[in-house]
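**Student:** please work out how this folds:
(one chain, ligands or ions: 1)
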Amino acid sequence: MFTSRISLILAMLAVLPASVPYRTFAQTDRLGPKPPADPQIAAALTRISAQRIQASIEKLVSFQTRLTLSAQDPDSIKAGHGIGAAREWIKSEFESYSRACGGCLEVRTDSFIENPAERIPKPTVITNVYAVLKGADPENAKRIVLVTGHYDSRNSDTLDVSGTAPGANDDASGTAVSLECARVLSQMKFPATIIFLTVAGEEQGLNGSHHFARMARDQGWDIEAVLNNDIVGGDRSPRQDPGIVRVFSEGVPVAATEAELRRIRNLGGESDSTSRQLARYVAEVSRAYQTAAHPLLVFRLDRYLRGGDHYSFNQQGYAAVRFTEYREDYNHQHQNIRTENGIEYGDVLKFVNFDYAANVARLNAATLASLASAPAPPAQVRLQTKNLENDSTLTWEASPGSASYEVLWRDTASPEWEHAQPVGNVTRITLPLSKDNVIFGVRAVDGMGHRSLPVVPQPER
Ligand SMILES: [Zn+2]
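**Tutor:** Here you go, the predicted model:
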């Protein structure tokens, strides 16, 4: 049994010395289907540069503080101090990538005034900065995949407007991932649209992402996937595992309706939110491209006592996951820079592992590129339940641009898909498998082998 093997390994780990690598139980080494790699995407991954990521993080740290409440007046921007200067620099970076691809990126801001709240003492301008790489295929361009990180920072006091708050790991690292994905992927063309986002206000209460996600929902944006990178600097603490990045995903969707909750309860759908399908997709992509960052899927929304920008998107009903380094060092987050009793505090550059952040960026870029290359997930996926029978019949609507479909399934107790059955270019299939014993999914595949996100069928009587 896989579960008992995991508990055995965990029990062994509890007595192992700290020097033993923890990657022994990275799930992605053994489980699940492994789709083919696209050579163009694989080549793009080699262009992701740890040096560029290092330069971005160093630049972001140079603004001394990026607290959302810090200075954003013209003089401070000119002096390179405060969140306004960071914002303008991010904008200019996106613009330089766009110049390098013949104007392929549309650089935009989403700016608003946040009213006073617990961590916002007075009305404050919050600005999200993003770049849009519009899909090359008119039919698919309305589909969006998105990567984000928060460029604001904080120290011990979320209201300390002038104190140093380098935020090298939290979250210059995630911002650098968005930027580097933009730089490299803007050199390619994809059928669907990719958005490279950096938000502010995270440390004050997810304000930036909340505004952005609500705007997307209000304007009817078809966002298929959100990758939130927050604390992906691979802090160099002795027990870090630089081979693992955690991927958090919600189980029961926060945006589920009463009817959806009833269905989840009745049919055992607790582990099949769209966010969780996205997390599994990340694991498949990691296997396909043999990424150095192995995702450890964590089946919960976020860490204890913590939150992040993916939740803002979940609230609007979008699939969104969070990437975070394997082991956080709390002395190096949300702390004033100081040394106390020989312990160094502060989120400073020297604790960041730039190679690690680059590996996480490669996993993000591979996921974005795979999804943006793939056809749309099939719509109206249904599992026929009119009769009591041991076979299972699935139906769906054809997805534009797809050449064929795959039916996935797994045991109800398994974390990842265990089987992928190609079924050809059909929209109905009967399999000699009992729907009572497994969970099914259907995905679209194009002529090159790009896989869409899978869709778990709804029962149809
Ligand atoms: Zn953060």
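
**Student:** thought residue 456 was touching residue 438?
**Tutor:** No - between residue 456 and residue 438 there is no contact under C-beta atoms under 8 Å: 11.2 Å. Where C-beta positions appear, they are placed from N, C-alpha and C, glycine not excepted.

**Student:** counting neighbours, what do you get for the closest residue to the ion within the stretch 301-450 of the chain?
**Tutor:** Minimum separation of the stretch 301-450 of the chain from the ion (C-beta to the ion) falls at residue 308, amounting to 6.4 Å. The local packing of residue 308 (other C-beta atoms under 10 Å) involves 26 other residues.

**Student:** cool, the one 3 residues further on as well?
**Tutor:** The local packing of residue 311 (other C-beta under 10 Å) involves 20 other residues.

**Student:** how about the secondary structure of it?
**Tutor:** Three-state call for residue 311 (DSSP: H, G, I helix; E, B strand; the rest coil): helix.

**Student:** thought it was touching residue 206?
**Tutor:** Yes - under the criterion of C-beta under 8 Å, residue 311 makes contact with residue 206 at 6.6 Å.

**Student:** is the most centrally placed residue in the chain in a bridge, and if so with what?
**Tutor:** Centroid check for the chain by C-alpha atoms, centre = their mean gives residue 227 as the closest residue, at 1.8 Å. Here residue 227 sits in beta bridges with residue 147, residue 321, going by DSSP bridges.

**Student:** verify the stated contact: it with residue 148.
**Tutor:** Yes - with contacts counted by C-beta under 8 Å, residue 227 reaches residue 148, the gap being 7.1 Å.

**Student:** and for these two, which residues touch both?
**Tutor:** Counting by C-beta atoms under 8 Å, 6 or more residues apart in numbering, residue 227 and residue 148 have no shared contacts at all.

**Student:** so where's this protein shaky on pLDDT?
**Tutor:** 1-33 (pLDDT under 70).

**Student:** tell me which parts of it are close to the ion?
**Tutor:** When proximity is defined as C-beta under 5 Å from the ion, the chain approaches the ion at 170, 171, 230.

**Student:** would you turn the residues you listed into TSV with neighbour count and secondary structure?
**Tutor:** Converted to TSV, the residues of the chain next to the ion look like this (neighbours: other C-beta atoms under 10 Å; DSSP: H, G, I helix; E, B strand; the rest coil):
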residue	neighbour count	secondary structure
170	27	helix
171	35	helix
230	26	coil
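
**Student:** in CSV, list the residues you listed along with distance to residue 41.
**Tutor:** Putting the residues of the chain next to the ion into CSV (distance: C-beta to C-beta, whole Å) gives the following:
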residue, distance to residue 41
170, 29
171, 25
230, 24
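
**Student:** from these, pick the one nearest residue 346.
**Tutor:** Proximity of the residues of the chain next to the ion to residue 346 was ranked by C-beta to C-beta; the top entry is residue 170 with 11.1 Å.

**Student:** the residue nearest to residue 210 when sequence neighbours are not counted: what's it in contact with?
**Tutor:** Spatial nearest neighbour of residue 210, excluding adjacent residues (C-beta to C-beta, 6 or more residues apart in numbering): residue 312 at 4.5 Å. The contact partners of residue 312, taken as C-beta under 8 Å, 6+ apart, are 206, 209, 210, 212, 213, 214.

**Student:** recalculate using a threshold of 10 Å.
**Tutor:** Contact analysis of residue 312 by C-beta atoms under 10 Å, 6 or more residues apart in numbering lists 148, 199, 202, 206-214, 216, 226, 228, 318, 320.

**Student:** derive a ChimeraX selection command for the buried subset of these.
**Tutor:** Of those, the buried ones go into a single ChimeraX selection, burial set by 16 or more other C-beta atoms under 10 Å:
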select :148,199,202,206,207,208,209,210,211,212,213,216,226,228,318,320
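
**Student:** in strands, which of the contacts of residue 312 appear?
**Tutor:** Using DSSP state E, 148, 199, 226, 228, 320 are the members of these that sit in strands.

**Student:** widest-spaced pair of these?
**Tutor:** Checking those with C-beta to C-beta, the most distant pair is 199 and 320, at 12.5 Å.

**Student:** how many residues are close by residue 297?
**Tutor:** By other C-beta under 10 Å, neighbour count at residue 297 equals 20.

**Student:** how about the helices in the chain?
**Tutor:** Listed in chain order, the helices of the chain (DSSP state H) span 2-14, 39-46, 50-61, 74-79, 83-100, 174-185, 202-205, 207-218, 258-267, 274-289, 310-315, 354-373.

**Student:** mutual contacts of residue 456 and residue 438, please.
**Tutor:** residue 408.

**Student:** ok so, going back, out of the ones in strands among the contacts of residue 312, the closest to the ion would be?
**Tutor:** The nearest one, if we look at the ones in strands among the contacts of residue 312 relative to the ion and count by C-beta to the ion, is residue 228, at 9.4 Å.

**Student:** skipping adjacent residues, who's closest to the closest one in space?
**Tutor:** residue 310 (3.9 Å).

**Student:** so what's the residue count around that neighbour?
**Tutor:** Quick note: residue 310 (other C-beta under 10 Å) scores 30 neighbours.

**Student:** what's the answer for residue 348, then?
**Tutor:** Residue 348 - counted by other C-beta under 10 Å - has 17 other residues nearby.

**Student:** which residues touch it?
**Tutor:** Applying C-beta under 10 Å, 6+ apart, the residues contacting residue 348 are 61, 164, 166, 167, 168, 169, 332, 335, 337.

**Student:** buried ones in stretch 321-332?
**Tutor:** 321, 322, 323, 324, 325, 326, 327, 328, 329, 331, 332.

**Student:** tell me which two of those sit farthest apart.
**Tutor:** Using C-beta to C-beta, the pair of those lying farthest apart is 321 and 331, separated by 26.5 Å.
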